[in-house]
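Enquirer: Below are the sequence and a predicted model for it; my questions follow.
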Amino acid sequence: MSLSPKNPRVLFLAILFLAVILPWIPLGPSTNYLLRVLTSAVLYMILALGLNIVPGFTGLLDLGYVGFYGIGAYTSGLLAIHYDLSLWVILPLAAANGALWGVLLGAPTLRLTGDYFAIVTFGFSELVVLLIRNELWLTRGPMGLPGIPPPAIFGYALTQGWQYFYLALFLLLVVLVVVVRLENSRLGRAWFAIREDETAAQCCGISLIRYKVMAFAASAAIGAMGGAFYAKWFRFIHPDMFKFWESILILCLIVFGGMGSIAGTMLGALILIPLTEVLRTALPQSMFNARYLIYGLLLVLMMRLRPEGLIPFQLSRSRKAEQAKARLLGGEE
Amino acid sequence: MESLFDQSSLFLQQLVNGITLGGVYALIAVGYTMVYGVIQLINFAHGEIYMLGAFLAYTLVAVVGMPFFPAFVLTLLICAVLGVVLDFVAYRPLRKAPRLAALITAIGMSIFLQNMAMLVWGSQIKSYPRDILPPFFSESAITFGDVSLSWLQLFILAITLLSMIILHLTIHKTRIGMAMRAISQDKTASALMGIGVNRVISFTFAIGSAMGGMAGVLVGLYYNAIFPTMGYVAGIKAFAAAVLGGIGSVPGAMLGGGVLGIAEVMGAGYISSEYRDGISYAVMIAVILFKPSGLIGKQNAEKV
């Protein structure tokens, strides 16, 4: 590993280091606010890493990611309220529920072309919001779900902002390890093959539907886990929190940072989520409500000018091969 | 017996309302279907053109003070230009890029236009001035028992049908229509035969957007409520209509629009009004899952 600042890993370590010391920088009364922004940035990094598996690794547009986020949040909220389960039971259960819905939705729809898949995922997430809004007996609908008990770790209920921040950071590390391992696995290589050329991948013996469903389920599980954390952190959930806009925001994070690139995805969240907070304070309310103007424009401009994002995707092992190729072809470059 | 009669007249009234709504969906769906036919792109921003149509007519009538019918025509022209500009600015540079890039651009444009409208016109619901149409429009044109069809509904249905017929003739009887059909089959071969592919694509966007804008104005008149987010729900429903009828087929879009409009009104009336939008999504998902080629099968449907 070279130590040039261009190396995404160095960048990533620098971010991680900053993240670990940030809560200890004394900022007086604004510390809690800063922590909230940071925790939400970390949460969105988790969500973006999850979404990235589908459009980034496999090359399919998923417009319904927020549906899984909502499913996870409500699973977590309802389990916590009605059964008082521990966080370490709730998180895997929420992720499993997300993955289950991912398989149920993905198995029939992933046979379709990418366009139809995008539309079906959109319809799915809208249906999830409609169900949450209207099935009052389960979700209390538009009244929201208040009074979710705070998570407890070894019997201590979390109360401070920094505790949630470190919990989020811990979850991020878990997700990051999973995603990096997936990227470098047989599974990951199959996904990249599908992304680059479906027909060629199929000819190499990759079962398209099987690997696509796996990608979708993995992504859904991570999204649902993010939602489960969100419910435990915010301790109040409402159907409006899981609207289509959230999917767009998360898509924006990965497009901006670099679709398919893990470091890029995280950097995208780290830049855009705090930026949203800056906009919230800098703009009057009516203009802040139209902030998606910027996100929409960002999507268009990125696709036009830099479709690979801030930190382009690179197969981690292909770097040496690329260098070797460059040396071989040196004369031509 | 009497209650039975009430039931059946209620049903018929719902049917009339559903067909009117379906006509509007069909007008929007045509824009999706035509663009998909020529460049295989789901133009997510099409719903926003529909919304802009509604707001442009509102501005021309309520702010500028134009009479309705000239404002209507001007709105259609502006929408056509908007469609062409949209293609030129957003989609044309990405013709050779991967499909994912074009799809993301389409989503981005849709979000951008919607929020732009929110900044320009505010997020409150607006309604057209009361005296925009001659007063007889709200009266019943045809009454049959308890079922009535207002002049406005008749106007919407007539204008929908008329534009569909003109569109059908354009596609099948004119040179540019032939060029559109050629491009939908093979873009490269069409270019080799001397067809100006980009010019024809611009024409497709112009026609589709004008019809989308028209649908926006008609819905504005029918429901008397316009708001910046009206485009994305209607756009998705119209896309559902296009898929239902068989994407790429203009008669299919009409059929799909009609079926979806009726299903939505009936579902809201008889099943649950809370799930009004949900019915459209469910129909769409079911169609995509079980019959992705649509009601008019892909083999028979002409892609335009």
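Expert: Alright, I've got the coordinates. Numbers count the residues shown, from 1 in each chain, chains lettered A, B, ... in the order given.

Enquirer: Based on its surroundings, how many neighbours for the nearest residue to A:Leu299 once chain neighbours are set aside?
Expert: Closest residue in space to A:Leu299, ignoring its immediate chain neighbours: B:Gly108 at 2.9 Å, by CB to CB, 6 or more residues apart in numbering or on different chains. Any C-beta I mention is one placed from the backbone N, CA and C, and that applies to glycine too. Counted with other CB atoms under 10 Å in any protein chain shown, residues neighbouring B:Gly108 total 28.

Enquirer: what sits against B:Gly108?
Expert: Each residue near B:Gly108 by CB atoms under 8 Å, 6 or more residues apart in numbering or on different chains is listed here: A:295-300, A:303, B:90.

Enquirer: Kindly reformat those as CSV containing pLDDT, neighbour count and distance to A:Ile209.
Expert: Formatted as CSV, the contacts of B:Gly108 follow (pLDDT from 0 to 100; neighbours: other CB atoms under 10 Å in any protein chain shown; distance: CB to CB, whole Å):
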residue, pLDDT, neighbour count, distance to A:Ile209
A:Tyr295, 87, 24, 32
A:Gly296, 89, 25, 32
A:Leu297, 90, 16, 36
A:Leu298, 88, 20, 33
A:Leu299, 88, 26, 28
A:Val300, 89, 23, 32
A:Met303, 86, 24, 28
B:Ala90, 90, 20, 32
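
Enquirer: rewinding a little: look up which helix or strand the residue nearest to A:Leu299 falls in, please.
Expert: helix B:99-121 (DSSP states H and E).

Enquirer: and B:Arg199, how many neighbours does it have?
Expert: Around B:Arg199 there are 11 residues (other CB under 10 Å).

Enquirer: tell me which element it falls in.
Expert: helix B:197-223.

Enquirer: Now do the buried residues in that helix.
Expert: B:197, B:200-222 (16 or more other CB atoms under 10 Å in any protein chain shown).

Enquirer: Over to stretch B:155-168?
Expert: B:155-157, B:159-160, B:163-164, B:167.

Enquirer: Would you check the distance separating it from the middle of the chain?
Expert: 12 Å (CA atoms, centre = their mean, to the nearest Å).

Enquirer: Could you pull up the residues touching the residue of the stretch 1-150 of chain A found nearest chain B?
Expert: Closest to chain B within the stretch 1-150 of chain A is A:Gly123: 4.0 Å, counting by CB to the nearest CB. Residues near A:Gly123 by CB under 8 Å, 6+ apart: A:64, B:236, B:240, B:281-282, B:284-285.

Enquirer: how does it look with 7 Å?
Expert: By CB atoms under 7 Å, 6 or more residues apart in numbering or on different chains, the residues touching A:Gly123 are B:281, B:284-285.

Enquirer: Excluding chain neighbours, what is closest to it?
Expert: A:Gly123 sits nearest to B:Tyr281 (CB to CB, 6+ apart), 4.0 Å away.

Enquirer: From what I see, B:Ala71 and B:Val63 are in contact.
Expert: No - judged on CB atoms under 7 Å, B:Ala71 makes no contact with B:Val63 at a distance of 10.5 Å.

Enquirer: More neighbours: which of those two?
Expert: Per other CB under 10 Å, whichever of B:Ala71 and B:Val63 has more neighbours is B:Ala71, with 21 against 8.

Enquirer: near chain A, which residues of chain B?
Expert: B:42, B:90, B:93-94, B:97, B:99-101, B:103-105, B:107-109, B:111-112, B:115-116, B:118-119, B:123, B:236, B:239, B:274-275, B:277-278, B:281-282, B:284-285, B:288-289, B:292 (CB under 7 Å from any CB of the partner chain).

Enquirer: dump the residue contacts of A:Ile209.
Expert: By CB under 7 Å, 6+ apart, the neighbours of A:Ile209 are A:110-111.

Enquirer: Averaged pLDDT, the helix or strand harbouring A:Ala231. What do you get?
Expert: Here A:Ala231, judged by DSSP H and E, is contained in helix A:208-234. The pLDDT scores in helix A:208-234 average 92.

Enquirer: Identify each buried residue in that helix, please.
Expert: Quick answer for helix A:208-234 (16+ other CB under 10 Å): A:208, A:211-234.

Enquirer: pull the helix or strand with minimum mean pLDDT from chain B.
Expert: Every helix and strand of chain B was ranked by mean pLDDT, DSSP states H and E. The lowest is strand B:140-144, at a mean of 75.

Enquirer: Which residues of the stretch 51-200 of chain A lie near chain B?
Expert: So far as CB under 7 Å from any CB goes, the stretch 51-200 of chain A lies against chain B at A:55, A:59, A:61, A:108-109, A:112, A:114-116, A:118-120, A:122-123, A:126-127, A:130, A:134.

Enquirer: let's see it at 10 Å
Expert: Residues of the stretch 51-200 of chain A that fall close to chain B, judged by CB under 10 Å from any CB of the partner chain: A:55-56, A:59-61, A:63, A:105, A:108-109, A:111-127, A:129-131, A:133-135, A:141, A:195-196.

Enquirer: List only buried entries from those.
Expert: A:55-56, A:59-61, A:63, A:105, A:109, A:112, A:114-127, A:129-131, A:133-134, A:141, A:195.

Enquirer: Reduced to three states, what does the residue nearest to A:Ile311 when sequence neighbours are not counted come out as?
Expert: Spatial nearest neighbour of A:Ile311, excluding adjacent residues (CB to CB, 6+ apart): A:Gly264 at 3.5 Å. Three-state secondary structure (criterion: DSSP: H, G, I helix; E, B strand; the rest coil) places A:Gly264 in helix.
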